[in-house]
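Enquirer: Sequence first, then the predicted structure, then my questions.
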Amino acid sequence: MDPLNPPWWTAAVVYQVYPRSFADSDGDGVGDINGVRGKLDHLADLGVDVVWLSPVYRSPQDDNGYDISDYRDVDPVFGTLADLDALIAEAHDRGIKVVMDLVVNHTSDEHPWFVESRSSTTNPKRDWYWWRDPRPGEHPQPTSWQSFFSGPAWELDATTGQYYLHLFSRKQPDLNWENPEVRAAVHEMMRWWLDRGVDGFRMDVINMISKHPDLADGPPIPGSPWTDGSASYLFGPRLHEFLAEMHREVFAGRDADLITVGEMPGVTVEQAREVTDPRRRELDMVFQFEHVGLDHGDSKWDARPLRLTDLKASLGRWQAGLADVGWNSLYWDNHDQPRAVSRFGDDSPRYRRDSATCLATLLHGHRGTPYVYQGEEIGMANSRWADVRDFRDIESLNHYADATARGEDPEQVLAALRPASRDNARTPVQWDGTEHAGFTTGEPWIAVNPDHVDWNVAAQREDPHSVLAHHRALIALRHANRTVQLGAFAMLLPDHEDVYAYTRTLHEDGPDDETLLVVCNVSANPYPLADLLPEAVSAELVLGNRDHLPDHDPAVLGPWDARILRLR
Ligand code: TEU
């Protein structure tokens, strides 16, 4: 990267909207595009540069829109193409770019492409998907892989007696990217969206589009009759080829103003260096999953305590690995992850505000592009789930059905669902303290978190010490400060279990050389700053999260105390 001419997204902050749960304009209980339009001033006030819109395409909604049946139309539940065109224009009027969610590892089984493909073994689109004959023996499926949503990853199609691959739900058949016709159709659709004014794409599980043609069985999954096929479908042999081809066919000549981020479960630092190396012209950045895998075992339902030293080692490795080549995305939350303040912070009444602002400071001070998930800016927390009927997410519901069918105790399965379910991220955004939090005038598709009475945008908008105000300040700091944007990262206190500290240093051999210290007490235990750096005690406070409080002590970090200090 040319530090004298860095890409615009090195100083940008992205905000993810999950439209179904963001704002409902027509009272049907489901968020929609016109609801997003009505909240653009909130996003402009927050200061974000880009809105990433989770899918609004036509879809049976089996996986809440990540099962697309028409890439060039808007699902009526979200509105119309004209509404989306208006959203893009009105966002642009506020200087906010719009990024669409590109889900092209798979389509819906109701997409015309798949309807044709499944109609006969000789249909011209048969090879647009992965079809295989049954195997003899105990598992007739072509491989014994488990899908991400429980059960086998192959579905028998009665019409032709063959199986088709679906790494996710059986209504999400995987596209066969080996077929150049598939790739050309996807490229054409992407260009169509760019021509409509879209500013880039978040690419869903894009490191799964190249599969190892041998489709070999994987190692057994503990407690499951199926195996882990990820060695065959993650980062297959042609992925770089496909990404470079996509860049040539879609982005070449206009990529300076665009942003691309590839969601890559299981991606390593080395792979991310290659994919985000600007010389390779593949992707600008990726979403990696290492840090959000530290608090559970192989299964997300198998919760484990998070050690801060493990988090530092992981995020530090990603900072070091992409320091000279490539670029990091920075996130705690998205529509698949539980709420950060509940997961990594402390959502008790005593520490919720301080821990939410502490975690935000910790994240936003890193080198990379921060992603704020809807509601994170006000410290929205995990919801309370009385019983399985409160859940809506196919991943959670399938796991509950699968686990209880295998004889696991329903209460224990429910206890595992509560903190980890994706539905924690999908409760409606809490705009105010009214009955449905100002999200809808109808019956919400999923229950509003009861804590919305106290935790909502309206209650925080004018409060200079709110979680919302702190996010505004962090975003403004990133926009204004080149050290935050581009400064070299150095982790401190790698072995300390309470405090997360690092420096950012701008080396421009001139008066702008600056070193910032970001120090966050991710615990309730006080920490004397002099133990870290004596000069930190008297250093200028650039931004703090609790320095307005009467118990603020320049020499001692209190519980969930976060500070950005200027060392020189
Ligand atoms: O998620 C990819 C993915 O790996 C998810 O299974 C995620 O890691 C898991 O749910 C965490 O528990 C993407 C989308 O973000 C997700 O919403 C979709 O369900 C999935 O792909 C299929 O499109």
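Expert: Arrived safely, thanks for sending.

Enquirer: Give me the most central residue, the chain.
Expert: residue 334 (3.9 Å; C-alpha atoms, centre = their mean).

Enquirer: Now the phi/psi pair for the residue nearest to it when sequence neighbours are not counted, please.
Expert: Nearest non-adjacent residue to residue 334, counting by C-beta to C-beta, 6 or more residues apart in numbering: residue 373, 5.2 Å away. In short, each C-beta sits where N, CA and C put it, glycine included. Taking degrees, to the nearest 10, you get phi -90, psi 140 for the backbone angles of residue 373.

Enquirer: so residue 373 bridges to which residues?
Expert: Bridge pairing for residue 373 (DSSP bridges) gives the partners residue 16.

Enquirer: Quick check: it touching residue 336?
Expert: No - with contact defined as C-beta atoms under 8 Å, residue 373 does not count as touching residue 336 (9.8 Å).

Enquirer: which residues are in contact with both of these two?
Expert: Here residue 373 and residue 336 have residue 425 as joint contacts, going by C-beta atoms under 8 Å, 6 or more residues apart in numbering.

Enquirer: which phi and psi does residue 328 have?
Expert: phi -90, psi 140.

Enquirer: Now do the contacts for the closest residue in space to it that isn't next to it in sequence.
Expert: Distance criterion C-beta to C-beta, 6+ apart; nearest residue to residue 328, sequence neighbours excluded, is residue 368 at 3.1 Å. Going by C-beta under 8 Å, 6+ apart, residue 368 touches 285, 319, 322, 327, 328, 329, 330.

Enquirer: show me the residues around the residue nearest to residue 334 that make contact.
Expert: 15, 16, 18, 331, 332, 333, 334, 335, 337, 425.

Enquirer: Which helix or strand lies directly C-terminal to the host helix or strand of residue 115?
Expert: Using DSSP states H and E, residue 115 maps to helix 112-119. Downstream of helix 112-119, the first helix or strand assigned by DSSP H and E is strand 131-132.

Enquirer: and the lengthiest helix in the chain with helix 112-119, angle?
Expert: Counting by DSSP state H, the longest helix found in the chain is helix 180-195. Going by axes from the mean of the first three to the mean of the last three C-alpha atoms, to 10 degrees, helix 180-195 is angled at 160 degrees with respect to helix 112-119.

Enquirer: So which bits of helix 180-195 are buried?
Expert: Across helix 180-195, burial judged by 16 or more other C-beta atoms under 10 Å covers 182, 183, 185, 186, 187, 190, 193, 194.

Enquirer: Which strands or helices does it pack on?
Expert: Helix 180-195 sits against strand 70-74, helix 239-246, with contacts defined as 3 or more C-beta pairs under 8 Å, 6 or more residues apart in numbering; DSSP states H and E.

Enquirer: got any ranges where the chain has weak pLDDT?
Expert: Within the chain, the segments meeting pLDDT under 70 span 509-512.

Enquirer: care to break it down by domain?
Expert: Domains of the chain are assigned by automatic domain parsing as 112-165, 487-566.

Enquirer: Put together TSV for these, with mean neighbour count on each row.
Expert: Below are those laid out as TSV (neighbours: other C-beta atoms under 10 Å):
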stretch	mean neighbour count
domain 112-165	17
domain 487-566	18
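
Enquirer: Export the ones you listed as TSV, with columns for distance to the ligand.
Expert: Formatted as TSV, the domains of the chain follow (distance: least, C-beta to the nearest ligand atom, whole Å):
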stretch	distance to the ligand
domain 112-165	4
domain 487-566	23
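
Enquirer: can you redo those as CSV with distance to residue 473?
Expert: Formatted as CSV, the domains of the chain follow (distance: least, C-beta to C-beta, whole Å):
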stretch, distance to residue 473
domain 112-165, 38
domain 487-566, 6
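
Enquirer: Ok, which of those domains comes nearest residue 235?
Expert: Of all the domains of the chain, domain 112-165 sits nearest to residue 235, with 15.8 Å by C-beta to C-beta.

Enquirer: Which of the helices or strands spans the residue lying closest to residue 420 once chain neighbours are set aside?
Expert: Once flanking residues are discounted, residue 420 sits nearest to residue 300: 5.3 Å by C-beta to C-beta, 6+ apart. Residue 300 is part of no helix or strand, with elements assigned from DSSP H and E.

Enquirer: does residue 300 really touch residue 422, like I thought?
Expert: No - contact criterion C-beta under 8 Å: residue 300 and residue 422 do not qualify, at 9.3 Å.

Enquirer: returning to that earlier point: so who does the residue nearest to the centre of the chain touch?
Expert: Contacts of residue 334 by C-beta under 8 Å, 6+ apart are 16, 287, 371, 373, 425.

Enquirer: Considering these, which is situated nearest to the ligand?
Expert: Proximity of these to the ligand (C-beta to the nearest ligand atom) peaks at residue 287, which lies at 8.7 Å.

Enquirer: Which residues are in contact with the nearest residue to the closest one once chain neighbours are set aside?
Expert: Once flanking residues are discounted, residue 287 sits nearest to residue 263: 4.5 Å by C-beta to C-beta, 6+ apart. Residue 263 is in contact with 202, 203, 204, 205, 206, 207, 286, 287, counting by C-beta under 8 Å, 6+ apart.

Enquirer: ok, the residue in the chain that the ligand sits nearest to - how many residues close by?
Expert: Closest to the ligand within the chain is residue 66: 3.5 Å, counting by C-beta to the nearest ligand atom. Residue 66 is flanked by 24 other residues according to other C-beta atoms under 10 Å.

Enquirer: which element is it on?
Expert: Using DSSP H and E, residue 66 maps to neither a helix nor a strand.

Enquirer: OK, contacts around the nearest residue to residue 35 once chain neighbours are set aside?
Expert: Using C-beta to C-beta, 6+ apart and skipping the chain neighbours, the partner closest in space to residue 35 is residue 23 (3.1 Å). Taking C-beta under 8 Å, 6+ apart, we find residue 23 in contact with 31, 32, 35, 36, 38, 39, 429, 431, 439.

Enquirer: Is residue 23 in a helix, a strand, or coil?
Expert: coil (DSSP: H, G, I helix; E, B strand; the rest coil).

Enquirer: Name the nearest residue to residue 532, ignoring sequence neighbours.
Expert: Using C-beta to C-beta, 6+ apart, the nearest residue to residue 532 is residue 501, at 5.9 Å.
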